[in-house]
Every structure is written in structure tokens, then in C-alpha cells.
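*Asks:* sequence and predicted model, in that order:
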Amino acid sequence: MAEILLKNAYVIDPISGINGEVMDIAISGGKIVEEVSSKPEVIDCQGCLTLPGGIDSHTHISGTKVNFGRYMSPEDMRAGRTAKKGPMHITSGYSVPTTYGNSYRYSALGYTTLVEGAVAPLEARHTHEEFKFTPLQDSCANILFDGNWGMLRALEEGDIKRAAAIIAWTLNAVKGFAIKLTNPGGTEAWGFGKNVSCINEKIPTFDLTPAEIIKGAIRANELLHLPHSVHLHCNNLGTPGNFTCTIGTFGHVPDLNDKRQTLYATHVQFHSYGGTGWSDFCSKSEPVANMVNFRPQIVIDMGQVMFGRTTTMTADGPMEFNLYRLHHDKWSNHDVELETGSGIIPVNYRKKNLVNSIMWAIGLELALLVKNPWQCLLTTDNPNGAPFIKYPEIIALLMSKRYRDAEFAMIHQDTEKRVPLPAIDRELDWHDIAVMTRAGQARALGITDLGKGYLMPGAEADIAIYPIKTDEIDPSAEYEKIIQGFARTEYTIKRGRVVSRRGDAIIDGENTTFWVKPKVPAAYDIQHDPTFMELFERNYSVRMSNYPVQEEYLHRNHCIETETDL
Amino acid sequence: MNVIITFRNHENPFIPIEAEMITPDAFLEEKNEICVAVGNRSYPLSEVADFSIVGEASSVDDIEVLIRGDTSRVKRVGEYMSGGAITIEGDIGMHCGNFMSGGRIEILGSADGWLGREMKGGEIICHGDAGDYCASGYRGGRRGMRGGSVEVFGSVGDFACEHIAGGEVLIHGNTGDFACAEMKGGTVTILGDTSRVCANMSAGTCYVYGSAVEMIPTFEKKGTVNHDGVLFHHFRGDVANRGNGDLYTVHFTYLQ
Amino acid sequence: MDIKDVPCPFCGCLCDDVKIQIEDNRITGVENCCTLGNAKFLSKSRLQHPIMRKDGKWVEVSYEEAIDETARILSDAVRPLLYGWSGTVGEAQVVGVHLAEEIGALIDSTTSVCHNPSILAIQEVGHPGCTLGQVKNRADLVIYWGCNPIEAHPRHMSRYTTYADGYFIDNTATDRKVIVVDIRRSDGAKVADEFIQVKPGGDYLVLSALRAMVRGKSDVVPDSVAGVKKVQLQRVADLMMKAKFGAVFFGLGVTMSRGKYKNVRNAIELVSELNRKTKFTISAMRGHFNVYGFNEVLTWMAGYPFAVDFSRGIAFYNPGETSVIDLLEKKEPDACLVVASDPGAHFPKSTIEHIAAIPTVQIDPCVNATTALCQVQIPVAITGIESAGTAYRMDGVPIRMKKVLETDFPTDQEILERIVTRIREMRADG
């Protein structure tokens, strides 16, 4: 494989403790090395900001639900069409781009690794199919367990080890990366059109509460020594007053892992609402951020909302139905037997709308009030809060109080009384941004051991070089330059090859899928467990032998084997 | 400025020509080379048509484009036009006047489907018939026509004014099935007969001077009103859709 | 040798519990399958070599020559159409989309002539649906509207609805109510608790009436709607609202009768409305085993489920304009590639005449009605029997089709890849 020498790179690499050093980076065989042997291709970075490749730890880019978002939205598809260009295929879509569209546009932003946030195991094959056509980013699939009957029954019986065994079998079978819980218990209740409203309320069809599901999954996750923690979409997403539920949930989380968090709570903006209804709806970012500040075992991501059209999609079926009743626009729902639900509706976040304005403020507040940037990562829950192409604007908002004030002046005038944002002066710096867009993700996902998220020898050569000279920009005043600089890399390098140059993909690329295989002792191999087999054969509509995702779907892949405590 | 474009007979008359660059706006900027697509090939306009330009224009409203020859398969003429005038001597292909915001298109023959799709302003007059989806929207059910006016002297096909949200449409002849389906605003007047009119409408106003057959059964009867010297039955609906639109028709029948 | 759990490459039910007996690389027995699937597994007739018309006569040619000729035909075409796709796997469909993109073609699938209206409706109002196992385990009310599962999807009722065991259903024979809606008393009507006979073309009106009733606005509904008495409609509306989990399945009687996608839209909006009262889902009874897979593939690659025109270098979608029947009726295509479907057997006469009038190539294992319209036919392995790959069930669940027999025939994917390569070579040579 070709060798590259990056000269004069202005490097920020938080994991390696580098904060703005001009240095050379040698690349060989897809990795960063001490030095290159022969005549490498030399790229003179001319002091431009050079970061590890961006990692999105929670996005929706592949699979059944995402594709249905495209399928039902020809108006969104036509809003983002590009023609074939060099090795680039045609793309369509604005908020839910086609797979190539996602890949090229993420690459232009310097992103090299993506985690699909919610995959129903029964339909995981589809996600892997789309990963193949998202060629410029490595991929991981978070697997939904919120309504998994096998796991729920084991938890009901108080048998954590059995729950862990079922999780292990499922992750291995569907080539998944981590445990995702979406509105735990709520998606199962939605099977009969119901929901749960509190983490201590029993769910209708199992003798369990959401809190018990969350605690059980956390313990199972740690028994399996999975790289990532439980990845949680809390109950009550989007409802006024839900911050108590969020804080209550965080209060249940023990500190069980010394390498990373014990709980990753996603799109917390949507879970930090005060008020008793829409009329007194307000921000509760402060208590939520305080809770995170007191509990290092929790990492959250923002789920920032940005104004404009987008498409919301989540496994949280009942929540999407509530949104549908508010917006009365088109609504799709797709419940998955024995596992989970999902829903999709298009939305338009408007500056003139008070609720939308408050939502916009809350995401920013979380990022500014959580003291440790490693504990609050930058996302929009793409495309739920906004399409990921808005990331540069979010970075600029976090780095510039002046930009925030300018935007604040444009939104609903009553927002001021409902949110703390105007009083927050904090401006994040380049290092904070590097943490919140790659280093923090790598650590939270537990993939630093795989060479992700840093730029020292041994690391994967996933690198983003931005046309930004930090000593020539005052981020506070020149926020336009921040937006431009982060919108299009000079070079995006993936596994040692330049994949994207000034916004255009220049090669076809080939990505790697990361998945986990917990080493389970024979006694806990659920594959041959008669009760589990019976549950499968009686209730699923596919045969157990046809359920696992075959090797054919993996192409390039990296299996993460873990030792377990079973 | 007068522009005369005469389409020549082409070798394979069934291959459509996409000519979205033919708008008065395009002729305002001289440096624009007008290109058309014939199937998957792209050519300068001169490859398929003779054209001449006489005089000058300081604004788009000074430009009149006359289109002659076999244009029944020429699509997207006048797309996004903002002013000036286009006259088509014969028939015109699909999507004439898509998204137009101003100016005037006059078709002496008939128009194919999607005439004035998603138009926002300006005026379209069609002396012949118009095809399906006249003055409608695009797939996906967003707002259709939003402003301006369309007048068709002949009849129109199915799904006329689907998703219409604004503007005025006058159809002298009959419509096909499902005229004004999903209507959200605007005013549509049908002088002839129509079928399953205003299905699922939420707002807007529709007058039918002829007969509305297969009336949607979920409209509330509000009595009769005199409008324009004619006695109309007034309906409000579509109740199935929580709708609040007004449908006035002289005659109506249900499929019972 | 027995092979278990083989997915059946016939209809959209994609039953994956079929047992196949094989002796000497021949299928000698099939268990668990319906008669339609049985016939597919046991079919023996096939085309042995690529064939090409020369001077009006069919002659056997090599794969290379057939591929060369196909590449030439497609390269020369100004408005090529690539049609079919529902009888092959996603891996081949992907190559088809790349081919269409490469040559600026129109690409469309059999969706265009079956559930095209369902997709247009979904694009207007969305789709409250679920996987089939959800219905099996939970539904206490099943409605078949404008479809005849007994003939078209023979195992649908036994695997997923009326006769299937369900987790929350104590006795499937008594605890599940069945409503059948059709223009005539079909076989399905005999097992129905309630049969609604609608006048042809009247589905939309009946659906509107039910929506108003579910909203509590029965008073506006006339005494009779499209042949159905108001009292029956009210009874049905009440049954729907009382159900714990209702599941609507609809077929071509709804999509292909007058009004087409508006009928489907109205049915979806009825189901959405019912979700305010209870749980309801709606699902299309898709035909070919992988017709849904093509919709998925084209959507993730180009953004639209069918009927895409790549001629302008971007994806343009407008059924009615870019869909196969409309194109052929207007005589637009000047070359056609048919893959894994048989338009010659199903299309209207005028469109078949146009397919015959232009250079047409077919990729298919068997001689069929379309063969007569072609210049070239390239035989391939039988998908789901001799070659593996991904198919999507009617509810979107992806299942890997199996290869149970060895064969020397190339797969659809291989032939398509060779055509793409040959076209690129021709272009490079100028």
C-alpha cells in the first residue's frame, strides 16, 4: 500500500495529549508509522488544522428505517441531487441522502467512522447491505434490544447471565457492535398501541419496568466486556417535563468500567425538557448537565436541533406517532416482531416556533454546561435534529458567543424567558471540538485500541486536514470562517488513502465493519437452548437458521472478540 | 426582443426533448448557450431547432419567445420562468411552466401532463386540452400550485389541481377523475363535468358548473347558494380529512 | 440429501421453511411449499445457450458474443430501458442500477405494474406497517382488501394470519376476526366473519365513509356507499375500533382499480386514523419474491423505489412519465434490457409491440413470452435455487436466498457485470 508523508500538519490529538503542534505524520500500510521507508507521496499541510478522522457515534445512515425515510420522501430526494463525477456516483436526498450521498458528504466533513444508531436485529442484514455502499467510512451497527422478548424474559426471571447470553448470541448473529435501548419497554408496549410514561412503571406485557431493563442491560453489557457501553435513548423522548425521567435514569447508573463510561445517553437535547405541557415548555439543560457533571460514568451526545427541514426517524414508534398527531404530516411506522418498533415523520424546525427555538437552545446549553467535553459529544442525531451537514455551523455556535447571540436575535422572542443560553459565555476551543467530534467518540465507543481517534504510530491512518489556520482566525468573531473551514476538508484520509479532496470523493473506497463476538462458555451458548429455540420457532416469522447475518455481508470487517464473565 | 424557435422534425419523433433552458430569462443573458437533452444526449438548441433573435431586451418582460414546429414531445419549456412571454403554436410536451413565478405562457394547441406543476405566479393559457396533473404538485404530496393562474379552454385529464394550495384555475371543459384531490387552497372553477371532485380536500374553493359524479360521500351538505347567477349546492369537507373546504356544484350524483 | 429452511423464490411471502430433497444435483422432492412454489422448484425446462436472432432466425451463440451484442445495443441507445428485476437478488439489482447510471438509462421494475400506486400513496401519507410476525403474534382482526391470498399468496393465512399460532392469541380459529372486502365473493370471503361487497371502482368512497365513521362523523355518510349499506359500514367501523390489533392487507384490487394510488392513500389514512383509537397496521401483498428488494436497492442507491430516469445524469423520478407502461405507450425507449421478469406475458398489447420493434435483450433462465420479442436472450442460473443472494420479503425483512443446486450457468450478477465491463471497454475504445 502506498506511503504518505504529511508535512507541517498542525495537529490536535487529544488522546495523545497533543494540542496544537506542527509535526509530520508518516503513513504506511493504512496505519500511522514512525517513519516511511521509500519515497512517499508528500502532502504539505502548510500548517492547516489536522485532526484524527471524524467519528459519528450516533447517526442514522443505513438500514430499513433510513431507507424508508428515503422511500417515502421523493420531495427530499430531489432536494439534494448531484451528478456522477469522477468516481462519484449520482446522489439524491437532502436530509436522508442515498448511501453514496451520506458517504461523500460525511467524507467532505472529514468523517471516517460512523455508528448506525439503531438496527433491529431481524433486519440487520439490510443495514450491512447499505454499509457496503457507504464506502468511505468504517461502520458499526448498534443493535436494538429494548423490546427483545428473549432478553426481557430473562430479566423478568432475574437471570442477568441468561440475558447476557442472549445479547451475546444476537450481537454475534447479526454482526452488531453494541447494545442499543430505545425507549426501553415503550416499543414493546407500542405493539398494542401503548407507551410507558415513567421508568418505574411496569410495561404491559412483561413484569418489568424500564429502569429494570436499563439496569439489567448495563450489567449484562459489562459481563460481556463489550467495547462500548449500553447506548440508551431514554424513555419519554420529546415530552415536556421529561428531564425528571432523564435524571432519574442517570441516577440508576453505577460506575462499572474504568476505561469508559457505563452509560452512553444519546440525543439528550430531546430529553431535557421542562414544563407540564407545550404552553410552559422550557429548558432543563442545567439540571441534566449538572447530573452529568457529577457522574463521570455517563457520556451524552447533544442531539442538536438546527432550523430547517429534516426527517425524524427512530425506533421509538410511540414517540413518532405523537409527533404525527402534532404535525399531521405523513407518518410511517414499522414494528419489528419480538424486538422493537420504529417511526418516521418529516419535520420543519422553524425559528418562528417557540418550542423549536427552545429545542435549538437546549442542545447548545448541554454542550456548554457539561464541563468535560469528553462527556458531551457533538451530534444532531442525524437526521433527527438536523442533517449532519450542519455540523460546521454547530461547531461555530459552540466556539462563538457572538454567533449564538446573532442567531438568538432571530428566533422566537419568548425563548429568552425559557432558556439559560443567553447567560452562558463559555466558548469552546479547538481542542474541545476535537474531543467532541472524534477523540471523545473513539473513547466512548471503546475503539481506541483498534487505532481509532488518535494520530500516533499504530493508529489507523484516518485523518482530516481542514483549510483552517488556527492562529489566523478569531473563532469568537470570525465564525463564518469556522463554518467554511469545517465544511470541506483539504484532504480526508481513510486507512492511508486520500479518499476526499476539497469536497469531492476521489476514489471508490472500501470500508470496514466492526462487530463484536463475546466468547461465551458452552453452558451459555443460547443457540442450542431449548427454551430459546422454542421462543424463536413459535413466534418469529423467519427460521432461526435464516436469522444470522451471513459472512457474505461483511466484506472487509473486524471482529472484536471479548472475554466474558459468564 | 423577439425569439423564434422552430423545432425541426427529428429522426425519432418519439424520443422526448427536455428543454428547461427555454425561458425568457435564459435569453436575457447572452452568454447562455441554450442546450437541450434528447434522451441521454445533450446538444445545443441549434441541433434540433432553428432559432432567431431580433431586437434587444433590458428586462425579462421585454422578451417574447415564439415556439413552432413539432413540440408535442418537448418537455419543461418555461420551467422557472419569472417574466416575459412564451407562445407555443402547436402542442407542448410535459411539465410546461413548472415552477414558473411570473410571465405568461400561451399554448395554441394542447398540453401534455403536469402543465404548470408547482407554479407560484404568472399565467398559463392553454387553448386545447391539458393532460393529467394540470396545475398540480410533485410526487410526495407537498403543496402543488401555489399562485398565478391557469386557464384551459378544452378538457383536462385526471388529478387536475392535485394538492393545489393557491392561485386560480379555470377549466372550460370537463375534468377526468379526482380533480382537486387533496386541495389545500386556491380557487378552481370547472365549467364542465367532473368526477370524485375535491376528494380529501382540507381547504380552498371549487365551483362545478356541470355535474359532479361519484361525489365523495363524506362532504357535509350546507344548502344552496346563488353564485354568478347560478344556483349551486354547497358542500363542506372533506369530513374524512377534518377538512374545511368549500365545494359548490350545480348537479351531483353519488355512487350508491 | 435434504436441505432445510430454504426460502422459496416465488412470491412476496418468502416462506423460508421449505425442505428440499436433492439427488444427483436434481430436486426430487419439496416439502412445506405451496403449489406455486412447488412448480418453481420442480420446473425443468430451460434455455441451454445464449441465443441471438440472425437474419430473422434464432442461432446459438457464445456468452461473449451475446454480451458483446447487448453492450453494443445499450451503448448505442439514446433512451435505453432496463426493466424487470423482481425475480433476481439485490446483488444483481445493484449492478443493474450502476449500469443504468453508466449509460443514462431508464430503470424500472415490475413494481410499476403492481404496487406502483402503493408507493405513490406512501409517498403522500407514509405507511403505518409492521413485520408479519407482529401480525401473527398480536392481530385479533385481519382485513383482506382487494386481494385473494388463497390464490396469490397461498401460505399467507397459515403462516402469518388466520391459521397461524400467535403469542397473544389463545385460539387462532376463534380469536381472530377476518373481514374480506372485494368486488366479488372470492374464496377468501368464505372464511370471513364479515364480507363487504363493493361496486367496482368504489373502494375509495367506502374508505372515506369508514374514515368519517371512525372520526365519529357517521351523520354525513349517505345510506349506501358504492353498494355497501351504511349499517354494514358502521358495524365494520365498530369492529375495527374494538380490535386490539388490526391488520389490513391489500392487493391489486385496490391498487389497480380506478383511482389507483388515491385508493391506497385513503386506506392508509383510515389506518392512521384508527391508530388514534387502537393499534392498526396496513401492508401491501407484494407479488414477486424480491419485488420489494428492488425498491429497497434503487432507493438506497438513487433515492427512489422505481421508475428512475438517469438520462440527465441525475436521478429523476416521476411515475406516469418515467414508468415502464407510460414509456412504452409513448414509444420512447429505443432499446430494452429485460432481466428476471416476463413483460411479454403480462403487458398490454401496444407496449409489447414496441418492445418487439426495438432491439431487446433478455436475461432469463427460461424461454418465455418475452423471448419472442427479443433479439438476444442470455440464460442464467435460477436465482434462489442455483444462486444465492438477498431478497426482501413483502414486509421489508431481508432473507438470504440459498443455492441448493450446482450449475455451470452464470448468475444474473455475473452477466450484468460483464455487460458493464464491456460497455466501459467500448467507450474507452471510442
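*Replies:* Happy to help now that I have it. As the structure is a computational prediction, the values presented were derived from the model and not from experiment.
*Asks:* show me where the stretch 301-450 of chain A has its strands.
*Replies:* Listed in chain order, the strands of the stretch 301-450 of chain A (DSSP state E, counting those that start in this stretch) span A:308-314, A:332-335, A:343-349, A:376-377.
*Asks:* check the stretch 451-566 of chain A too.
*Replies:* A:463-466, A:491-494, A:497-501, A:504-505, A:513-519, A:557-563.
*Asks:* put the alpha carbons of the fifth one into PDB.
*Replies:* Once non-C-alpha atoms are left out, strand A:513-519 reads as follows in PDB (Å, rounded to 0.1, in the frame of the first residue of the first chain):
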ATOM      1  CA  THR A 513     -17.400  -3.100   9.600                       C
ATOM      2  CA  PHE A 514     -16.600  -3.500  13.300                       C
ATOM      3  CA  TRP A 515     -18.600  -6.100  15.200                       C
ATOM      4  CA  VAL A 516     -18.400  -8.000  18.400                       C
ATOM      5  CA  LYS A 517     -18.200 -11.600  19.300                       C
ATOM      6  CA  PRO A 518     -18.300 -12.200  23.100                       C
ATOM      7  CA  LYS A 519     -16.700 -15.600  23.900                       C
END
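*Asks:* helices or strands next to that strand in the packing?
*Replies:* The contact analysis (3 or more CB pairs under 8 Å, 6 or more residues apart in numbering or on different chains; DSSP states H and E) places strand A:513-519 against strand A:138-144, helix A:160-174, strand A:557-563. No exception for glycine: its C-beta is placed from N, CA and C like everyone else's.
*Asks:* do you know which of the strands of the stretch 301-450 of chain A lies nearest chain C?
*Replies:* Chain C sits nearest to strand A:332-335 of all the strands of the stretch 301-450 of chain A, at 3.8 Å, using CB to the nearest CB.
*Asks:* that closest one near chain B at all?
*Replies:* No: applying CB under 8 Å from any CB of the partner chain, one finds strand A:332-335 separated from chain B by no less than 12.9 Å.
*Asks:* still on that earlier bit, can you say which of the helices and strands packed on strand A:513-519 is packed in most?
*Replies:* The highest mean neighbour count among these, using mean count of other CB atoms under 10 Å in any protein chain shown, belongs to strand A:138-144: a mean of 28.
*Asks:* which strands and helices sit next to that strand?
*Replies:* So strand A:138-144, by 3+ CB pairs under 8 Å, 6+ apart, packs with strand A:111-119, helix A:124-132, helix A:160-174, strand A:178-182, strand A:513-519.
*Asks:* got the angle for that strand vs strand A:557-563?
*Replies:* Comparing the axes of strand A:138-144 and strand A:557-563 via axes from the mean of the first three to the mean of the last three CA atoms, to 10 degrees yields an angle of 50 degrees.
*Asks:* helix or strand: which one has residue 106?
*Replies:* This is for chain A. Assigning secondary structure by DSSP states H and E places residue A:106 in helix A:99-108.
*Asks:* my question was about chain B
*Replies:* Going by DSSP H and E, residue B:106 is in strand B:104-107.
*Asks:* next helix or strand past that strand?
*Replies:* Assigned by DSSP H and E, the successor of strand B:104-107 is strand B:123-126.
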